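K.L.:
need coordinates for the following:
(one chain, ligands or ions: 2)
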Amino acid sequence: PAAVVMSARARARSSTVASSGAASTRRTTLRRAAPARKSHHRARRTATSAADAESPRVSSITSTDRVNVISEALPYLQQFAGRTVVVKYGGAAMKDESLKAGVVADLVLLATVGLRPVLVHGGGPEINKWLERVGIEPNFLNGLRVTDDDTMSVVEMVLAGRVNKSIVSLINQAGGSAVGICGKDANLLRGRVLNPDLGRVGEVTKVDTALVKAIVNAGQIPVIATVAADEENGDSLNVNADTAAGAIAADLGAEKLILMTDVPGILRNPKDVNTLIEQVDSNGIQALVSEGVVDGGMIPKTQCCVKCVGEGVSAAHIVDGRTPHSLLLELLTDQGRGTMITQ
Ligand code: ADP
Ligand code: MG
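P.N.:
Ligands and ions are numbered 1, 2, ... in the order given. The predicted structure follows:
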């Protein structure tokens, strides 16, 4: 009967959405009939449905292709096993729910195969949404937003609350185990005000990753909101998430820092995506900054990459968070992705 011969796509849908239809009833019966193989069955089904649902291309490859792909990742898995990778995630790449779910799935995969991911996140569009909702008027000085005390309260509530906990929840739902903290916890990030006229925007002055190490050692994924404590009075400071991620990566002695953003990497011509710079060293970066090629939000990104590789992180990467699986592409394939910054 038609209901039994489901297409791969329908099967994918019925198993990703926990529906109470005929399909899930049948799965329950199957699972009861063969309890010993329950988890094996479920694992295989989920893998197939996820692949089918996300990428029609994947479903056309053979099982042999599939195991070859896994087998080719072995050298990378061996190289990175037990190594810490700090991932910064924010901006436009955070807007899209399916991209967010993809990033989370990649993090859980990396943790499952033995890497130690640490996630540092920005606020995405949530902060502006809530500032608007509570009626805080934006106030600008020379084009830069002024973070007054009321604004900072909302930033902290949204960043360390809603955004942080929603990422934690997504990771846990995807089968990982995450612990959400902010820079104030255990003195992870301390800072000072950058320019009093701009309010509570700070630069990081001290980093203490003892708590992050403890979380990682406990087999959990730390999820870090970049609210720091003012070193003088403990007040909340909003610090750039790229800079914070770089400082955390250096203090952890991470293998890699990966900054996910909304462009393919550093572009020689920011208006032309075909001008990607695949690899550049610290001197090259400084040249790009002084030539004015690197500008705006790309400046703190490149500067923290340079600082990080100068302090022992073996490479920093700027990758496109809008490309599905950009994390896996960077870490587990020969080609890599985006721009690699070395010392
Ligand atoms: P995020 O939210 O990921 O931190 P930002 O907006 O702060 O993103 O920084 C990324 C932005 O930097 C890009 O969207 C782009 O507008 C800008 N940018 C400036 N110079 C360059 C460059 N040379 N190559 C790529 N992007 C650049
Ligand atoms: Mg930025």
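
K.L.:
so the spatially most central residue of the chain bridges to which residues?
P.N.:
To find the centre residue of the chain, average its C-alpha atoms and take the closest one (Cα atoms, centre = their mean): that gives Y89, at 3.9 Å. For Y89, the residues forming beta bridges with it (DSSP bridges) are H121, M260.

K.L.:
begin at 34, not 1, for the rest of this chat.
P.N.:
Sure, I'll start counting at 34 from here, so that last one is Y122.

K.L.:
residues of the stretch 84-233 of the chain that sit close to ligand 1?
P.N.:
123-124, 155 (Cβ under 6 Å from any ligand atom). For glycine as for every other residue, the C-beta is placed from the backbone atoms N, C-alpha and C.

K.L.:
ok, and the closest non-adjacent residue to the residue of the stretch 84-233 of the chain found nearest ligand 1?
P.N.:
Distance from ligand 1 to each residue of the stretch 84-233 of the chain (Cβ to the nearest ligand atom) is smallest for G124, at 2.2 Å. Closest residue to G124 apart from its sequence neighbours, by Cβ to Cβ, 6 or more residues apart in numbering: D295 at 5.2 Å.

K.L.:
contact partners for that neighbour?
P.N.:
By Cβ atoms under 8 Å, 6 or more residues apart in numbering, the residues touching D295 are 124-126, 353-355.

K.L.:
where's it relative to ligand 1, distance?
P.N.:
Separation of D295 from ligand 1 (Cβ to the nearest ligand atom, to the nearest Å): 5 Å.

K.L.:
phi, psi of that residue?
P.N.:
The phi and psi values for D295, taken as degrees, to the nearest 10, are phi -110, psi 20.

K.L.:
and the helix or strand hosting E165, what does it pack onto?
P.N.:
Element membership of E165 [criterion: DSSP states H and E] is helix 159-166. Under the contact criterion of 3 or more Cβ pairs under 8 Å, 6 or more residues apart in numbering; DSSP states H and E, helix 159-166 touches helix 182-189.

K.L.:
which residues touch the residue lying closest to A126 once chain neighbours are set aside?
P.N.:
Computed as Cβ to Cβ, 6+ apart, the closest residue to A126 that is not its neighbour in sequence is G354, at 2.6 Å. Neighbouring residues of G354 by Cβ under 8 Å, 6+ apart: 122, 124-127, 132, 136, 293-295.

K.L.:
also C341?
P.N.:
279, 282-283, 290, 349.

K.L.:
among the residues you listed, which ones are in helices?
P.N.:
Using DSSP state H, the subset of the contacts of C341 located in helices is 279, 282-283.

K.L.:
tell me which residues touch the residue nearest to the centre of the chain, please.
P.N.:
Contacts of Y122 were listed using Cβ under 8 Å, 6+ apart, and they are 136, 152-155, 293, 354.

K.L.:
nearest to V327, of these?
P.N.:
Here the nearest of those to V327, counting by Cβ to Cβ, is M293; it sits at 17.3 Å.

K.L.:
now do the same contact list for the closest one.
P.N.:
For M293, the set of contacting residues under the criterion of Cβ under 8 Å, 6+ apart consists of 120-123, 126, 136, 352-354, 359-360.
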